[in-house]
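Novice: My questions concern the predicted model and sequence given below.
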Amino acid sequence: MELAFYASGLVAVLATLRVITSTNPIHALLYLIVSLLAVALVFFALGAPFAGALEVIVYAGAIMVLFVFVVMMLNLNAAVTARERAWLGPRTWVGPSVLAALLLVVLLATLQHGDIGRVIEGDTLTAKAVGMVLFGPWLVVVELVAMLLLAALVTASHVGRSVSREADSGRDGA
Amino acid sequence: MTLTGTHLVALLPLILVCAAAITVMLGIAWRRHHAGTATLTVAGLVAALVALLVIWSRAPIEVPLLVIDGLALLAGATILGASLVCVALAYGYLERYPGPREEFYLLLLCAAAGGMVLAASRHLATLFIGLELLSMPLYGMLAYAFTERRSLEAGIKYFMLSAAASAFLLFGMALIYAQTGRLDLAGVAGVFGERPASWGLAGIGLLLVGLGFKVSIVPFHLWTPDVYDGAPGPAATFLASASKVAVFVVLLRLVLATPGFQAEWLRGLLAALALAGMLVGNLLALRQSNLKRLLGYSSIAHFGYLLVALVVGEGLALETSGVYLLTYVVATLAAFGVVTLLSSPYGGGDVAALYHYRGLFWRRPWLTAVLTVSLLSLAGIPFTAGFIGKFYILALGVEAGHWWLVGGIVVGSVIGLYYYLRAMVALYLVEPGMRRHDAPPDWGVRAGGMVVLGLAILVVLLGIYPWPMIAWVTGVEVFTAG
Amino acid sequence: MTWTLPLTFLLPLAGTLILAFSGARLGRRGTTWVGVTSVALAALVTALLAHHYLAAPEARTLTLWRWIAVGDFQPTIGLRLDGLSLTLLGVITGVGLLIHWFAAWYMQGEEGVTRFYAYMNLFVASMVLLVLGDNLLLLFLGWEGVGLCSYLLIGHYYRTAANVRAAFKAFLVTRIGDAFLAIGLFLLFRELGTLNIAEILQRAPERWSAGDPLVELAALLLLGGALGKSAQLPLHTWLADAMAGPTPVSALIHAATMVTAGVYLVARLHGVFLLAPAVLWLTGVIGALTLLAAGFAALAQTDIKRVLAYSTMSQIGYMFLALGVAGFEAAIFHLMTHAFFKALLFLSAGAVIVGCHHEQDIRRLGGLWRRLPLAYVGFLVGGAALAALPLVTAGFYSKDAILWQALAAGHGALLLAGLLGSLLTSLYLLRLIVGIFHGEAGSEGARRAEAGQGLAHGLPLVVLALLSTFLGAWLEPPLGSVLPAPHEGSEGWHLALELLAGGVALLGIALGAWLFLNRRAWLADVAARGLGARLWRLWHHAWGFDAAYERLLVRPYRGLVSGLRHDAIDALGLLPARLAWWLHVALSRTQGGKLRLYAVSMVVGATLILLVMAVAA
Amino acid sequence: MNGVPMAHGLVLAAVLFTLGLAGLMFRRNMIFMLLSLEIMLNAAGLAFIVAGMAWDQAEGQAMFLLVITLAAAEASVGLALLNQLYRRFKTLDIDTASGMRG
Amino acid sequence: MALIWLILIPFLGGLACWQGERWGDGVPRWIALGSMLLVLLITLGLWWQGDYRWPAGAESGVVPWALEWRAPWIPRFGIEVHLALDGLSLVLVALSALLGVLAVLCSWHEIRRRVGFFHLNLLWILVGVVGVFLAVDLFLFFAFWEMMLVPMYFLIALWGHSSATGRSRIGAATKFFLYTQASGLLMLVSILGLVFAHRAATGELTFSYAALRETPLSDEVAMWLMLGFFLAFAVKLPVVPFHGWLPDAHAQAPTAGSVDLAGILLKTGAYGLLRFALPLFPEASQAIAPLAMGLGLVGIVYGALLACGQQDIKRFIAYTSISHMGFVLIGIYAGTELALQGVVVLLVAHAFSTSALFILSGQLHERLHTRDLGEMGGLWGRLGSLPAFMLCFVVASLGMPGTLNFVGEFMILFGSFPVAPWVVAIASAGLVLAAIYSLLLMQRVHYGPPRSESSLADLDGREYAMLLGLLALVLVLGLYPQPLLDTAGPAMQEVQRLFDDAATPSPTTMPLGDS
């Protein structure tokens, strides 16, 4: 169970790295899907099948498909990837990556320093237990999540509306 | 444990707001009618406010994951009040908006619900969900007039950074959960004891980053001016008042509830952030010629002052935070109200540049009086509500003996005075032949006009006779849990 | 009868008020009428008071009201008439009346007559207050009032900047003296707890023994004030320039009354000065030095009024010499007689100046004795009194009294200075009279000079001429009860001194006549070459004091003023403002608007906070 | 090797989080920024699961459920904004949407 | 009860003026004049029937107010609306009312634009100032202290008469506001420090003046708190390093603004020192007295030097008032009863003479349309009786005996001499400097060769009455100042008693015992 965890962890990290550094959006999407599947594998390894399933269905399945659909809709041509490569000049990514590395070092230091030595044996935690929590004390949260999704729905529908050119103000002043 | 009767009653305000949101949505689906939707929203909010006042006597009530105590009720009342003002302003503002108008009220209701949850949460899950329920509609409200280039830009900026902040918040919560194994604040505080372990500390740090972004504490404040400038009037008003109040109340609850936060060096960190907030906020606004950006910077500065209450943590702190929040919200609502009333969605973006306001007094004396009073209150001149707030903060600082912070407040408010005066005097200068931005002639009658005028009177009244407000806040403080 | 005492200053004050508020409507005749009669009435009241006082010679005091009452600081508006103040009162109102009358004629062609008479009346009122004041604060009121009037009157012809500057300089130098006097007052009040003159004279001996450093300091400060007002050596530069005012002003203020205020002060507070022998000696020395310096300076002046100004300074030097040797009565007696003949000289000079159409330069005047007979007679009689022509003139008796007191008090050096001074006096007097009335007329104005007509011109000159002769000397001032008795000495020495002094005076006159009548060309030659020229220029500029003060005090002050004009200290206030502005510019650069920069700042913030947390754990 | 120490799970989450963060900072194309956001949220979810499994409580997975819904909501809103951005400015470059400054 | 009316009348009057503007320009002027006269009458009425002698048998602890009016305001902090009147505040309120009337009168023709709003501001300055003089609750005092700045700010920024762009006008107004506000906030910190020290010592939380006077403070804390108060009042006095705002504010303010600013606002600084800085912290004040006197000296000399160098007539007069205030500072910190009485007299005298000079410069501006001394000169014969009045007031500001200024100045010097002889010696050099700048002013404006012979408009009835009234006050009070002294007497004795107690440490350990 540890081997699966470490292997899929490695795959996930490499895929994510590839997502960030790739120039073609489609390639990035596919790498991300691979990364998500690897994380799902990790969940299974750790004994959280419900979470793993969720990850595969909702995350990789629904959200990524949505992304792919939108990217396809925008039919980005080769010019976009060329410009992308221009934007990725050394000057742009050196600074942020140094900063991110610094943050990582600090995080890892705190993680390593304060380790309380709990170990995950990998015995599964069934979806039933999660259901018991969700619809027990967390009932309020579930309702609120519904409201959250409602809000997101309305926002996306409003902002996403494709208002025709002449209808809008046309005066995009500063 | 299931929800008992008392729990339902305690949650009544929240339920009413969500119910209002849903009915508004159904209303939109049935037939789009702007006035109808607005009145429905107002009805919902007023009902929630009444419910809130009803359960006032029976607080505090422990609801699973939430606690309806004095602080939550105070914050809830403020948020509902601010939302009502935003609705009134939005009605006037959206009157001439070509696109669909009703969604705004729905988003506003959802955001209000989110704010109330956030204010009442004592569990990391509700904290997270409350924060997201508050932010999600805000993205929509900020980018509401997306045909306007600036509104879209504000929406995108806020979305991107807020999402990142939420990620930080989540990661912090995960670390705290990893360290303590508990998600409810009391539990976490119990495990932390006097000195939290290193994961816990890192978790608190990231939590601070996540919440700090929403309250625009200094290193995370850069988005504030751009978003305030670009956002449509009512959205900016809501963002400046309700959302900040809710998030600050959570921060306050975190500080008061968990003794871990009382540690010496954390107090030092918060003090440093507070000092930086005061000075940077005021300094950035020094030569600002855009009124909305100026109000953005002033909100950064004011929350710098407010952080002092967090730093002190005991004694007058809770009462000071309550009073200061109230006075700040009233003044900001009045200021943003005037800006919103003067701008229309299609006058080439909101009327924010100061030269639009030059000589406003000689044409619209009452509107200018309102803006003058609100700017004076933000500056903290006596006989306005802002002075009471500043007096409290200074009293807190002096009582606790934090001389650096007191010095920061003094220097900050002097610098602040400069740009408030600069903005205020522009209203009275007569510039012949300038392009005039006029509020719609019958603004006085319009709901927004009435509300803004009411707010200005409230500001002056709180300044002259603040005792009822103080009594109300001290009453609240008595039964605040933790 | 004492209720009439306040009338002496209320009447001139009423004159001033009438002129101030309704001057324009009164017209020229009405104005002069008001101006003169107010002083005339005051003189009448003084005469009555004098008659009443001589009948029963004891001091009378009258308190009008309590000026200020705070704790033990209780100065009152109180008047006190005794021998000394009566004498001065007589001089002020008497001579003042004659001068006011003469001014009626003098100011015929001038503009601003109302303003002139208003200030003159105010001057008389202030001088009376100065003299009658029973406490030092009221004296100070008169003291400053007189200084103000002298400023206003010197600057009467305000259109020319030089006159205004002269007035300003006069007021400033006297004001420096006043500052010393003020400090003296504070010291006296702190030590003796009172300002009332009588109480001071009574408490001073109890409080201090002779030579006590405090009383020395107090006397010195009082002396400083006196020097400023009486134009004695260190603070004398203003008197010569003060001649810019109309001649009656010079006559009244800068000859008869104001400049003698210093003498009156020292005489009035003789008790304090007697306790400070060193300061008394210093007074004598200053008197001597001033009389010599002024004497030499008068020799080298070209303007009639400047000669007379330096002569006045010299005569007051004599008075200070008298005070120095504790001959207070002699000083006051000389003050009285000097008032008569110096007023006469100034009015005659005024007659000459108006007669020659405002020509004041001696070198361009000449041969006027036939055309201006009354002025000539005035100059002769006044001059004789000034040079102390023995037996026949009042000046002889008063100057002799001073020299006798010096001899009797044993101050040989001062006596010598006095004798040399009287020699110089006769010399510059002769130079003046010969220059004006003999020889041929230099300028056109002098050639067509016409004598003044009318009573206003003639009568004052005649009366003053009479007073300058031995008749004036008969008016013994009733000082017995007020001032300490004069020194006694053997009659023989006294007679010898009189002979000596008379001889010196006659010698001076003869020498002067000989030199200026027929050795004029030789004198001009000596004064043009080498040592003579340098000496002449030194005396002409009154030993260079003026230039020294200009370079030492005035120029640095003016430099300081222009240096500080732009308020350097206030600029400090702008530093925080500039710092705030600079910080604003620096910070607003961070608001670049780029979203990615905002994200970077967030990450930086997060890293910092985590670092702090890690360090703390 | 009996089980995976929690720290390693958190380390993995931290690494993924930081990669997402880096992506957010240096990519100018809005799509990649949205993807980075998704990565960061996913990492946070992972951290919750790891913590939950370590304490063998179900709350971890419940929180993961919340994170998932949040990710979905943000993805939809983000893409809607992206769509508008593309329609308005004909480009996906985030810096064009940075007109306001000062 | 009359006290609250003293504040309400100008407040309501101000509002009435603002609305009265609809019915023509004249209405606000008459309303303003009416309300100011009413306030003046009330004050004089209070003066007439109230006796301000020291009520017999009042032990030193309680502070005997002639008139009081209390109402609870914020019980949480023990703050109450506590107005009280004693000799000192009565004199200053009467002075403010009188100058308020003058301010309204002298801007009768000068202000043309938005007359209503102008008079609103003018009256609300009065509200603030009268509030400062009457407030005895420290919170209320601070509220009025800051509140009076806003209307004055508007007065200078909107009706000042500087260059067309108005840049310097607003700059001067902002500088005025910031200087006072910054120091005011420090005072607020001191007030709070004092209140919490009082609570720590006696357990009761109150802002009332009488209670706070009894707070036992350690020397070090007392010094810091006193510095907070001293700084706020020093900026307002103004004391030299903090005087930067006065010349600018005067140069840009309209005549009425200058009259108010010089006449009343400077007095609040001195009043604050007398009422709060000295009595609340006697030992600390005693310790800082030499420094304060030194600052006073610097003020006298610096004010005089700079006055001579100014080209703008109003800046010239502004610097002269800085010099006069130097005397005030010396008098206050000398602490003897004579000096303190002198301070009150000099405050009143300075108000009269400087306001008169500003009114005159305003009238000169109306006739010559310039404030530049370079363009004046030789005006003596051309302006009717205006130069005569100016001569009288210049002579008054010179400290000529017979005027009230002399009485004030010399009482201060007489009172301070026993305490600090050297300071008084140097200060009397100030008499000479006063002569220099006063006469320079007179000469530059009225003497010297005239630029043209055309005679300008003489004073009209209103202006003549104003100046004559002021001149009469200066001269009559100069010769008979006793009513003024009797009124302010008891208050000053109280301050002197407290100040002396501190000098001679009383036997009991309590620094401020009721021994």
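Specialist: Looks like it arrived, so ask away.

Novice: got the residue ranges for the strands in the chain?
Specialist: I'll assume chain A. A:119-120 (DSSP state E).

Novice: The chain in question should be chain B.
Specialist: So, for chain B - with DSSP E - the strands run B:61-63, B:66-68.

Novice: Which positions within the longest helix belonging to chain D qualify as buried?
Specialist: As assigned by DSSP state H, the longest helix anywhere in chain D is helix D:59-89. Buried positions in helix D:59-89, judged by neighbour count with 16 or more other Cβ atoms under 10 Å in any protein chain shown: D:59-88. C-beta here means a position set from N, CA and C on the backbone, and glycine is covered the same way.

Novice: does chain C sit close to that helix?
Specialist: No: Helix D:59-89 is not in contact with chain C by Cβ under 8 Å from any Cβ of the partner chain; minimum separation 11.6 Å.

Novice: Counting by contacts, list what that helix packs against.
Specialist: helix A:49-54, helix A:64-73, helix A:127-134, helix A:139-160, helix B:124-142, helix B:149-180, helix D:30-54 (3 or more Cβ pairs under 8 Å, 6 or more residues apart in numbering or on different chains; DSSP states H and E).

Novice: wait, which of those helices is closest to residue E:65?
Specialist: Taking Cβ to Cβ, helix B:124-142 is the member of the helices and strands packed on helix D:59-89 nearest to residue E:65, at 54.4 Å.

Novice: What lies in contact with stretch A:135-151?
Specialist: For stretch A:135-151, the surrounding residues in contact (Cβ atoms under 8 Å, 6 or more residues apart in numbering or on different chains) are A:134, B:1-3, B:11, B:18, B:21-22, B:25, B:63-66, B:107, B:110-111, B:113-114, B:117, B:125-126, B:129-130, B:132-133, B:136-137, B:140, D:62, D:66, D:69-70, D:72-73.

Novice: Residue B:154 against residue B:145, yeah?
Specialist: No: look at residue B:154 against residue B:145 with Cβ atoms under 8 Å: they stay out of range, at 9.7 Å.

Novice: residues in chain C within reach of chain B, list them.
Specialist: Counting by Cβ under 8 Å from any Cβ, chain C sits next to chain B at C:580-581, C:583-584, C:587-588, C:590-591, C:593, C:595, C:597-599, C:601-602, C:604-606, C:608-610, C:612-614, C:616-617.

Novice: The residues you listed also near chain A: which ones?
Specialist: Restricting the residues of chain C next to chain B to those near chain A by Cβ under 8 Å from any Cβ leaves C:604, C:606, C:610, C:613, C:614, C:617.

Novice: Quickly find the element holding the first one.
Specialist: When secondary structure is defined using DSSP states H and E, the element that contains residue C:604 is helix C:595-616.

Novice: Could I have the CA atoms of that helix written out in PDB?
Specialist: Provided in PDB are the C-alpha atoms of helix C:595-616 (Å, rounded to 0.1, in the frame of the first residue of the first chain):
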ATOM      1  CA  LEU C 595      -2.400  40.500 -11.200                       C
ATOM      2  CA  ARG C 596       0.700  38.300 -11.100                       C
ATOM      3  CA  LEU C 597       2.500  41.000  -9.100                       C
ATOM      4  CA  TYR C 598      -0.400  40.900  -6.600                       C
ATOM      5  CA  ALA C 599       0.000  37.100  -6.400                       C
ATOM      6  CA  VAL C 600       3.700  37.400  -5.900                       C
ATOM      7  CA  SER C 601       3.100  39.900  -3.000                       C
ATOM      8  CA  MET C 602       0.700  37.400  -1.500                       C
ATOM      9  CA  VAL C 603       3.200  34.600  -1.600                       C
ATOM     10  CA  VAL C 604       5.900  36.800  -0.200                       C
ATOM     11  CA  GLY C 605       3.500  37.700   2.700                       C
ATOM     12  CA  ALA C 606       2.700  34.000   3.200                       C
ATOM     13  CA  THR C 607       6.400  33.100   3.300                       C
ATOM     14  CA  LEU C 608       7.200  35.800   5.800                       C
ATOM     15  CA  ILE C 609       4.400  34.800   8.100                       C
ATOM     16  CA  LEU C 610       5.300  31.100   7.800                       C
ATOM     17  CA  LEU C 611       8.900  32.000   8.500                       C
ATOM     18  CA  VAL C 612       7.900  33.800  11.700                       C
ATOM     19  CA  MET C 613       5.700  30.900  12.700                       C
ATOM     20  CA  ALA C 614       8.600  28.400  12.100                       C
ATOM     21  CA  VAL C 615      11.000  30.500  14.000                       C
ATOM     22  CA  ALA C 616       8.600  30.900  16.900                       C
END
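
Novice: tell me the mean pLDDT over it?
Specialist: What helix C:595-616 shows for mean pLDDT is 88.

Novice: do stretch E:159-178 as well
Specialist: 76.

Novice: what's the angle from the longest helix of chain D to helix A:139-160?
Specialist: With axes from the mean of the first three to the mean of the last three Cα atoms, to 10 degrees defining the directions, helix D:59-89 sits at 10 degrees from helix A:139-160.

Novice: from the residues of chain C next to chain B, which would you call buried?
Specialist: C:580, C:583-584, C:587-588, C:591, C:593, C:595, C:597-599, C:601-602, C:605-606, C:608-610, C:612-614, C:616-617.

Novice: By mean pLDDT, point me to the weakest helix or strand of the chain.
Specialist: Just so you know, I chose chain A. Counting by mean pLDDT, DSSP states H and E, the weakest-scoring helix or strand in chain A turns out to be helix A:78-87, with a mean of 74.

Novice: my bad, the chain I had in mind was chain C
Specialist: Lowest by mean pLDDT, DSSP H and E among the helices and strands of chain C is helix C:444-447, with a mean of 73.

Novice: Buried ones in that helix, by neighbour count?
Specialist: Result for helix C:444-447 [16+ other Cβ under 10 Å]: buried residues C:445, C:446.

Novice: what's next to that helix, contact-wise?
Specialist: Identification of contacts with helix C:444-447 by Cβ under 8 Å, 6+ apart yields C:356, C:357, C:358, C:359, C:364, C:365, C:366, C:367, C:368, C:441.
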